[in-house]
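[1] Predicted model follows, preceded by the sequence.
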Amino acid sequence: MAASLELAPALQQLTEACAACRRCGLAVERQQVVVSRGNPAARLMLIGEGPGAQEDSTGLPFVGRSGQLLDQLLAAAGIDSNRDAYVANVVKCRPPQNRRPTAAELAACRPWLDRQIALVNPAVILLVGASALEGVLGIRGGITNLRGQWRASEIEILRGRRLMPVLHPSYLMRFNSQAEGSPRALTAADFQEVRRSLLAP
Ligand code: URA
């Protein structure tokens, strides 16, 4: 609690600066800039792709259908996304028709994300989906093979942090099966691994 109180003015400043941002074309059609939700003092940071319609209208990340599924799967692993995590996206304005953000949009938004990482200082970062993997680590493609594996990075802001790519909940929504080896079962196992890592000293 103390840490989040100390962080509050810096995060407020960041939110205000983001609200005035016009670094890329996504500013044109947005209703709101979607900066974060959750606990800035958490050791876990979740980074998704970008706001959808509900996020754009509420100003909060991962509150629509895919956010609800994400929350459910995290909760099954004992992780409460508002208490145990700080939640953000690689782009903070809604891409039209929910298309993937372009490389130029990812690059334009990156300084805001780096500032969030610097302030929150998470030990563990979950890269939720292919755009997060691309936007944070510069890796294009391969999320289905890379998911669930811990990664380190020599990018300065990421040094010393443990990063794990996981499947995006909007992808998981295409499959109902929870059978062994299904995307949902794999993600459930990934979240259990994240929980174990958070409990380790
Ligand atoms: N999908 C994302 O990646 N982020 C959100 O905030 C909502 C949906």
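    Perfect, I can see it now. Numbering: from 1, shown residues only.
[2] make it CA atoms for all contacts and neighbour counts henceforth
    Noted.
[3] Near the ligand, which residues of the chain are found?
    By C-alpha under 6 Å from any ligand atom, the part of the chain that sits against the ligand consists of 48-52, 55, 61-62, 66, 89.
[4] Including neighbour count, could these go into JSON lines?
    Listed next are the residues of the chain next to the ligand as JSON lines, based on neighbours: other C-alpha atoms under 10 Å:
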{"residue": "Gly48", "neighbour count": "27"}
{"residue": "Glu49", "neighbour count": "28"}
{"residue": "Gly50", "neighbour count": "26"}
{"residue": "Pro51", "neighbour count": "30"}
{"residue": "Gly52", "neighbour count": "24"}
{"residue": "Glu55", "neighbour count": "23"}
{"residue": "Pro61", "neighbour count": "26"}
{"residue": "Phe62", "neighbour count": "29"}
{"residue": "Ser66", "neighbour count": "17"}
{"residue": "Asn89", "neighbour count": "26"}
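[5] For these, please prepare TSV with the additional fields distance to Gln72.
    Shown next, in TSV, are these (distance: C-alpha to C-alpha, whole Å):
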residue	distance to Gln72
Gly48	16
Glu49	18
Gly50	19
Pro51	19
Gly52	18
Glu55	18
Pro61	15
Phe62	12
Ser66	10
Asn89	19
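[6] how about JSON lines for the residues you listed, with secondary structure and pLDDT added?
    Shown next, in JSON lines, are the residues of the chain next to the ligand (DSSP: H, G, I helix; E, B strand; the rest coil; pLDDT from 0 to 100):
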{"residue": "Gly48", "secondary structure": "strand", "pLDDT": "98"}
{"residue": "Glu49", "secondary structure": "coil", "pLDDT": "98"}
{"residue": "Gly50", "secondary structure": "coil", "pLDDT": "98"}
{"residue": "Pro51", "secondary structure": "coil", "pLDDT": "98"}
{"residue": "Gly52", "secondary structure": "coil", "pLDDT": "98"}
{"residue": "Glu55", "secondary structure": "helix", "pLDDT": "98"}
{"residue": "Pro61", "secondary structure": "coil", "pLDDT": "98"}
{"residue": "Phe62", "secondary structure": "coil", "pLDDT": "98"}
{"residue": "Ser66", "secondary structure": "helix", "pLDDT": "98"}
{"residue": "Asn89", "secondary structure": "strand", "pLDDT": "98"}
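[7] Perfect, I'm done here.
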